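1. need a structure here:
(one chain, ligands or ions: 3)
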Amino acid sequence: MLENIIEEILISEEMIQKRVKELGKQISRDYADKDPILISILKGGVYFLIDLTRAITIPHTIDFMVVSSYGDSRETSGIVRLVKDLKEDIRHRYVLIIEDIIDSGLTLDYLLKSLQAREPQSIEICTLLSKPSRRKVDLHVKYLGYEIPDKFVVGYGLDYQQYYRNLPFICVFKSDVSVISKQ
Ligand code: 5GP
Ligand code: MG
Ligand code: MG
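-> Ligands and ions are numbered 1, 2, ... in the order given. Prediction:
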């Protein structure tokens with residue numbers, strides 16, 4: 001049972017959906033007539049992107065990237081490998097990177113540098129969650145859902161050993177959870 005593995009719900013489904021709608025409005029205002037392209041990094045950012053895109057009322061396109069970072073699942077090494085590139089050309093486009101969470105910031109720092117080289121008109125970050133206390137590089141985040149403490153969170157795209165991305169809220173698991181057997 002889920003109740004047995006969840007320690008704490010940090011952000012409820014209602015809080016997420018409310019914030020996503022606000023961000024959608026803000027982006028629609030800021031990017032009116034700019035035809036932005038929203039780029040999501042698979043897999044975590046996809047749940048956020050799909051809700052956000054429905055809260056945006058101006059024309060825009062979406063695209064996806066897959067990156068893999070070396071190191072274990074809880075720590076990013078900062079060395080990022082591009083597994084799947086964008087389909088669209090971002091030259092002269094207004095780019096918005098849609099992320100689930102910024103932890104150390106190393107993944108995004110690397111991605112920003114590599115996307116800048118393609119000469120977009122502008123490039124900004126929109127992340128649902130941020131753990132500022134964990135930051136290792138300076139990143140300008142234009143749109144932020146919620147700041148959270150230094151805890152490993154699960155749900156709304158964020159996985160626990162690839163599972164539980166579908167939970168509609170952001171939670172912290174108990175420390176002794178094994179993925180399938182304790183459900
Ligand atoms: P960063 O490069 O900012 O350290 O890490 C970014 C990536 O690490 C996120 O996109 C996410 O995949 C993973 N990550 C960081 N913190 C968490 C967390 O609390 N929970 C989960 N499930 N993944 C996280
Ligand atoms: Mg991510
Ligand atoms: Mg992960």
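
2. and residue 59, which of the three is it?
-> coil (DSSP: H, G, I helix; E, B strand; the rest coil).

3. do you know how far the residue nearest to it when sequence neighbours are not counted is from residue 155?
-> With sequence-adjacent residues excluded and distances taken as Cβ to Cβ, 6 or more residues apart in numbering, residue 59 is closest to residue 35, at 5.8 Å. Where C-beta positions appear, they are placed from N, C-alpha and C, glycine not excepted. Counting by Cβ to Cβ, to the nearest Å, the gap from residue 35 to residue 155 is 32 Å.

4. what's the distance between stretch 94-111 and the middle of its chain?
-> Here the centre of stretch 94-111 is set off from its chain's centre by 7 Å, with Cα atoms, centre = their mean, to the nearest Å.

5. which ones are touching residue 175?
-> Going by Cβ atoms under 8 Å, 6 or more residues apart in numbering, residue 175 touches residue 7.

6. could you say which helix or strand contains it?
-> Using DSSP states H and E, residue 175 falls within no helix or strand.

7. quick one: contacts for residue 102?
-> Going by Cβ under 8 Å, 6+ apart, residue 102 touches 108, 125, 127, 129, 130, 131, 135, 139, 141.

8. identify the bridge partners of the closest residue to residue 140 other than its chain neighbours.
-> Excluding its sequence neighbours, the residue lying closest to residue 140 (Cβ to Cβ, 6+ apart) is residue 125, at 7.0 Å. Beta bridges link residue 125 to residue 97, judged by DSSP bridges.

9. residue 125 contacts residue 99, doesn't it?
-> Yes - at 6.7 Å, residue 125 counts as touching residue 99 under the criterion of Cβ atoms under 8 Å.

10. pick out whichever of the two has more residues nearby.
-> Between residue 125 and residue 99, residue 99 has the larger neighbour count (other Cβ atoms under 10 Å), namely 24 against 21.
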